[in-house]
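1. structure, please.
(2 chains)
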Number of protein chains: 2
Amino acid sequence: MDKNYRFEPELMTDLINSLKRLPGIGIRSARRIAYHLLQHDLKGASILSSSLTKAVENLRNCKGCNGFTEYDLCYICSNQLRDKKLLCIVETPTDQNSLESSHSYKGLYYILMGRVSPLEGIGPKELSFHRVLDRAQDGIVEEVIIATSFTAEGETTAQFLIDMFSNKDIKTTRLARGVPAGSELEYIDTGTIAWALLERKQVG
Amino acid sequence: MDKNYRFEPELMTDLINSLKRLPGIGIRSARRIAYHLLQHDLKGASILSSSLTKAVENLRNCKGCNGFTEYDLCYICSNQLRDKKLLCIVETPTDQNSLESSHSYKGLYYILMGRVSPLEGIGPKELSFHRVLDRAQDGIVEEVIIATSFTAEGETTAQFLIDMFSNKDIKTTRLARGVPAGSELEYIDTGTIAWALLERKQVG
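-> Got it, this is the predicted structure:
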């Protein structure tokens, strides 16, 4: 297909281009979404436009956890019932969501908003690791739980964090690696099996 | 994952919900896009918001072809060099793009903005077929070219159009079915081969 649809209205081209900028949206999806909105969901388009504006204007990074919030401190950081002695470091708000959904953690969070990725030029400096350190050294935090992903980049991020906290007087832990709950050994990859063996736990 | 992230800022939830409304975007993509925009592309978010507003406020359906335009008539319909005796009926603006990109059609278009789909409750009435008829009976159009897709729904749409024009004094044609240009017979599906045989053309 020709890329220059010179007969396409300019406003439509603008809209398609700004949709194409979204992660995971290519030119075909962008065009499909644009035409769909204009033909079948004008209300949806207006709602999206206004929620974008409102989010851009009002959301900022929480001073406690670096997550998004309308206020200085997010719901979790300002919740007096949370255990201020625990600080869990995650890569993204989505990871935080997963941990929250497990209903098994009552401490606070710090969200890196990314992971160390040398290939993309993202290092500890780009992720402002010094702010994590400042946050953890508030005199209240006793344990830092590193909950980055168990991928190559997540592991690298974890190692940087472990190094950073190594000579500080703060206990540093990492999420356990092992066989996922509810899964049959038969279907687990060998790498996970190996880790589960290595980190086996005495039970009797 | 729990669906009630009660700790997520309301503005973020609103943004995610309005992104989820887009075709082809599920909850995970919506969340990913929302966090990406807020963390890494605030400018992109503002641009998208404003292009949505501008498109919604200024784009309307062309009085000639039913496509989108900022004016009463779109670029094609107002182009005096186009052949006003030919009217090509397509399902969507994307289909129109494909035809235009072939540089082999110089007539006008009518865009249905959909296809007949009994399962979804979309019939000739929902697609305002009477407007196609009115458009084709302007006294200038001599041939209607039906260029709906060769899918079940496209064929149904074509049949409705053929029936509608059957007792009118307008020549009605349909795009040729056959083996795609540049393709080897070996890799063509049998249905297409069957059609190509049935609609074979005398060449000598």
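2. switch to C-alpha atoms for all contacts and neighbour counts from now on
-> Noted.
3. identify all contacting residues around the longest helix along chain A.
-> Once chain A is assigned using DSSP state H, the helix that runs over the most residues is helix A:42-58. Contacting residues not belonging to helix A:42-58 are listed as A:37-38, A:70, B:11-12, B:14-15, B:18-19, B:21-22, B:38, B:42, B:45-46, B:48-50, B:52-53, B:56 [CA atoms under 8 Å, 6 or more residues apart in numbering or on different chains].
4. in that helix, which residues are buried?
-> A:42, A:44-56 (16 or more other CA atoms under 10 Å in any protein chain shown).
5. okay, now the domains of chain A?
-> A:10-58, A:61-202 (automatic domain parsing).
6. quick one, which of the ones you listed is packed in tightest?
-> domain A:10-58 (a mean of 19; mean count of other CA atoms under 10 Å in any protein chain shown).
7. any idea how far apart the tips of that domain sit?
-> Terminal residues of domain A:10-58 are spaced 30 Å apart (CA to CA, to the nearest Å).
8. closest point of chain A to chain B, which residue?
-> At 4.2 Å from chain B, A:Ser49 is the closest residue in chain A, using CA to the nearest CA.
9. next one: that residue from A:Leu22, what distance?
-> On the measure of CA to CA, A:Ser49 and A:Leu22 end up 14 Å apart.
10. and A:Cys65, by the same measure?
-> If you go by CA to CA, the gap between A:Cys65 and A:Leu22 works out to 25 Å.
11. what sits closest to A:Arg31 if chain neighbours are left out?
-> A:Ile16 (5.5 Å; CA to CA, 6 or more residues apart in numbering or on different chains).
12. which ones are touching that neighbour?
-> A:Ile16 neighbours (CA under 8 Å, 6+ apart): A:27, A:30-31, A:34.
13. tabulate the residues you listed in JSON lines, adding columns for pLDDT.
-> Supplementary listing: these in JSON lines, determined by pLDDT from 0 to 100:
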{"residue": "A:Ile27", "pLDDT": "92"}
{"residue": "A:Ala30", "pLDDT": "94"}
{"residue": "A:Arg31", "pLDDT": "91"}
{"residue": "A:Ala34", "pLDDT": "94"}
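14. my read is that A:Gln96 contacts A:Leu87, right?
-> No. A:Gln96 is beyond contact range of A:Leu87, at 11.8 Å (criterion: CA atoms under 8 Å).
15. lowest average pLDDT across the domains of chain A?
-> Sorting the domains of chain A by mean pLDDT places domain A:61-202 lowest, at a mean of 89.
16. quick one: is that domain near chain B?
-> Yes. Interface with chain B: domain A:61-202 contributes A:68-70, A:74-76, A:93-94, A:97-98, A:101, A:113 (CA under 8 Å from any CA of the partner chain).
17. would JSON lines of those residues with distance to A:Asp134 and secondary structure be doable?
-> Putting the residues of domain A:61-202 next to chain B into JSON lines (distance: CA to CA, whole Å; DSSP: H, G, I helix; E, B strand; the rest coil) gives the following:
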{"residue": "A:Phe68", "distance to A:Asp134": "19", "secondary structure": "strand"}
{"residue": "A:Thr69", "distance to A:Asp134": "20", "secondary structure": "strand"}
{"residue": "A:Glu70", "distance to A:Asp134": "23", "secondary structure": "coil"}
{"residue": "A:Cys74", "distance to A:Asp134": "18", "secondary structure": "coil"}
{"residue": "A:Tyr75", "distance to A:Asp134": "21", "secondary structure": "coil"}
{"residue": "A:Ile76", "distance to A:Asp134": "19", "secondary structure": "coil"}
{"residue": "A:Pro93", "distance to A:Asp134": "20", "secondary structure": "helix"}
{"residue": "A:Thr94", "distance to A:Asp134": "23", "secondary structure": "helix"}
{"residue": "A:Asn97", "distance to A:Asp134": "24", "secondary structure": "helix"}
{"residue": "A:Ser98", "distance to A:Asp134": "25", "secondary structure": "helix"}
{"residue": "A:Ser101", "distance to A:Asp134": "27", "secondary structure": "helix"}
{"residue": "A:Met113", "distance to A:Asp134": "16", "secondary structure": "coil"}
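18. still on that earlier bit, which residues do A:Gln96 and A:Leu87 both contact?
-> A:Tyr109.
19. neighbouring strands of the top strand by length along chain A in the sheet, and parallel or not?
-> The longest strand of chain A (DSSP state E) is strand A:83-90. Strand A:83-90 has these partner strands in its sheet, going by DSSP bridges: strand A:107-111 (parallel), strand A:143-146 (parallel).
20. out of those strands, which gets nearest to B:Asp134?
-> B:Asp134 lies closest to strand A:107-111 among these, at 60.3 Å (CA to CA).
21. need the contact partners of that closest one.
-> Under CA under 8 Å, 6+ apart, the answer for strand A:107-111 is A:64-67, A:76-77, A:82-93, A:96, A:132.
22. grab the nearest non-local neighbour of A:Ser166.
-> Leaving aside its sequence neighbours, A:Ser166 sits nearest to A:Thr172 (CA to CA, 6+ apart; 8.0 Å).
23. tell me what the one you found is bridged to.
-> Here A:Thr172, judged by DSSP bridges, has bridge partners A:Val144.
24. equivalent analysis for A:Asp83, please.
-> A:Gly107.
25. now swap in the one 4 residues further on and tell me
-> Judged by DSSP bridges, the bridge partners of A:Leu87 are A:Leu108, A:Val144.
26. so A:Asp189 versus A:Ala176, what's the distance?
-> Counting by CA to CA, the gap from A:Asp189 to A:Ala176 is 16 Å.
27. quick check: phi and psi on A:Asp95?
-> When read as degrees, to the nearest 10, the backbone of A:Asp95 gives phi -60, psi -40.
28. actually A:Leu38, not the one I typed
-> According to degrees, to the nearest 10, A:Leu38 has phi -70, psi -40.
29. that one - nearest residue in space that isn't next to it in sequence?
-> Nearest non-adjacent residue to A:Leu38 (CA to CA, 6+ apart): B:Val56, at 6.6 Å.
30. same deal with A:Thr92?
-> A:Met113 (5.0 Å).
31. list the contacts of that neighbour.
-> By CA under 8 Å, 6+ apart, the neighbours of A:Met113 are A:66-67, A:91-93, A:127, B:39.
32. what about the helices in chain A?
-> A:10-20, A:27-40, A:42-58, A:93-101, A:129-136, A:152-165, A:190-198.
33. can you list contacts of the longest strand of chain A?
-> A:96, A:106-112, A:136, A:140-148.
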